[in-house]
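Give the three-dimensional model of this entry:
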Amino acid sequence: MPGFASYPQLNFEEFVEAMEEAVPALPRQEAKLAQFILLNLNTLGLETGKSLAAKVGVSEVTVGRLLRRLGCNGMKELKALLRQQYSVATPAPEARQGVHAALEQVMEAELGVVTAIFQQTTGTDWQRAGALLAGSEQIFVTGFQSVRGMAEDFVRRLSLARGNVAYLSPHDGMLAEWARIENRPATDTCLVLVDVVPYAREAIDMARLAKEEDRACIVVSDEYCHWSRGIADAVIYAPSRTGLFLESTVGISLALSLLVDAAAAAHPEESRERLLQWKAHAKRLRLF
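Numbers count the residues shown, from 1 in each chain. This is a model prediction of the structure:
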């Protein structure tokens with residue numbers, strides 16, 4: 001790893017690789033900052049040292065110290081690395097036509113979110129999540145507060161791709177659906193937990209309960225969800241800060257849609273048959 005006092009010429013890939021390797025040995029505050037940076041590479045260009053420190057909850061001094069530790073001489077040099085890496089992905093002038101000037105940065109940030117989600121599809125967490133959604137006998141899905149509706153929609157969509165998918169509401173059903181059937185191994189079940197900051201009190205408790213009972217757990221959350229990595233079997237991060245009044249849910253919506261597609265692709269014949277049956281039933285009942 002580069003020393004504190006030297007600032008070698010490095011490229012963006014080397015910087016990211018050095019950060020990934022350094023995370024386990026970094027002091028707690030720097031590790032927290034490094035994880036946030038790694039999860040938000042596509043929207044990092046919109047940040048300053050001050051805004052980055054505020055979002056992560058560390059000092060600006062910590063930001064500078066971490067960058068220098070990794071051989072990058074502060075935010076100015078980091079921005080230069082980012083420009084080299086992402087200049088080809090910058091929306092062309094014609095792509096901005098018809099976009100309100102105040103929303104141009106938001107548009108670029110949202111496009112960065114989309115890119116960040118697709119980039120995760122080649123990672124081990126994504127592969128593990130897809131395997132669990134395709135191979136588990138029973139899938140439970142839960143979501144809290146403002147994203148409960150998204151979790152419920154995911155249940156309906158996933159049910160078209162595979163069977164035995166149920167929404168789990170700790171408050172409404174008091175976990176009656178969660179009760180273990182005698183002689184049925186808990187490892188046949190998987191919990192998909194959807195949540196965003198400020199995290200619901202039940203979210204981390206549900207994730208821990210799943211692990212205590214040897215059930216698999218997938219967490220789909222935003223870039224601030226630092227607790228999930230040490231509990232869940234797979235974690236999908238959806239950047240949410242794009243400059244809107246409220247955090248963006250574009251990333252979570254896209255991630256859930258892609259997970260449905262992954263589940264369907266694992267058993268294409270079964271998924272196709274389920275879709276045909278659904279259309280036939282909808283037509284029979286004149287739902288559409």
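
what are the phi and psi values for Ala216?
Dihedral pair for Ala216: phi -70, psi 150, per degrees, to the nearest 10.

That one: how many residues sit nearby?
24 (other CB atoms under 10 Å). (C-beta placed from N, C-alpha, C; glycine too.)

Who does the nearest residue to it once chain neighbours are set aside form a beta bridge with?
Excluding the flanking residues, the one nearest Ala216 by CB to CB, 6 or more residues apart in numbering is Cys190, at 4.1 Å. Beta-bridge partners recorded for Cys190 (DSSP bridges): Ile139, Ala216.

Ala161 contacts Leu259, correct?
No. The pair Ala161 / Leu259 is not scored as a contact, 9.3 Å apart, by CB atoms under 8 Å.

which stretches of the stretch 51-200 of the chain aren't confidently modelled?
Across the stretch 51-200 of the chain, the ranges flagged by pLDDT under 70 are 84-98, 180-187.

residue boundaries of the strands in it?
Using DSSP state E, counting those that start in this stretch, the strands of the stretch 51-200 of the chain run over 138-143, 165-167, 189-194.

Of the ones you listed, which stretch is the most buried?
Highest mean neighbour count of those: strand 189-194, a mean of 26 (counted as mean count of other CB atoms under 10 Å).

How about the contacts made by the residue nearest to Ala216?
Contacts for Cys190 (CB atoms under 8 Å, 6 or more residues apart in numbering) come out as 132-133, 136, 138-140, 215-218.

nearest to Ile252, of the residues you listed?
Ile218 (12.7 Å; CB to CB).

for the closest one, what are its contacts?
Counted by CB under 8 Å, 6+ apart, Ile218 has contacts 129, 132-133, 190-193, 232-236.

would it count as being in a strand?
Yes. Counting by DSSP: H, G, I helix; E, B strand; the rest coil, Ile218 is part of a strand.

Distance of it relative to Leu52?
Distance of Ile218 to Leu52, given as CB to CB, to the nearest Å: 28 Å.

Grab the most central residue of this protein for me.
Against the mean C-alpha coordinate of the chain, by CA atoms, centre = their mean, the closest residue is Tyr237 at 1.6 Å.

gap between it and Gly64?
25 Å.

Then Pro27?
14 Å.

Those two - which one has more neighbours?
With neighbours defined as other CB under 10 Å, Pro27 and Gly64 compare such that Gly64 has more, 16 against 12.

tell me the contacts of the more buried one?
49, 74-75 are the contacts of Gly64 under CB under 8 Å, 6+ apart.

Would you show me how to pick out the buried ones of those residues in ChimeraX?
ChimeraX command restricting the contacts of Gly64 to the buried ones, with burial defined by 16 or more other CB atoms under 10 Å:
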select :49,75
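
could the contacts of Gly64 go into CSV alongside distance to Leu285?
Below are these laid out as CSV (distance: CB to CB, whole Å):
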residue, distance to Leu285
Gly49, 58
Gly74, 63
Met75, 59
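
Just the ones of the contacts of Gly64 in helices?
Judged by DSSP state H, the contacts of Gly64 include 49, 74-75 as members of helices.

what about Ala179, neighbour count?
Close neighbours of Ala179, defined as other CB under 10 Å, add up to 8.

how close does it get to Ser136?
Taken as CB to CB, the span from Ala179 to Ser136 is 17 Å.

again with Lys32
32 Å.

Between these two, point out the one with more neighbours.
For the pair Lys32 and Ser136, the greater number of neighbours falls to Ser136 (22 against 19), based on other CB under 10 Å.

for that one, what are its contacts?
Taking CB under 8 Å, 6+ apart as the test, what Ser136 contacts is 188-190, 216.

Redo those residues as CSV? Include distance to Glu152.
Shown next, in CSV, are those (distance: CB to CB, whole Å):
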residue, distance to Glu152
Asp188, 23
Thr189, 19
Cys190, 17
Ala216, 20
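
I'm done for today, thanks for sticking with me.
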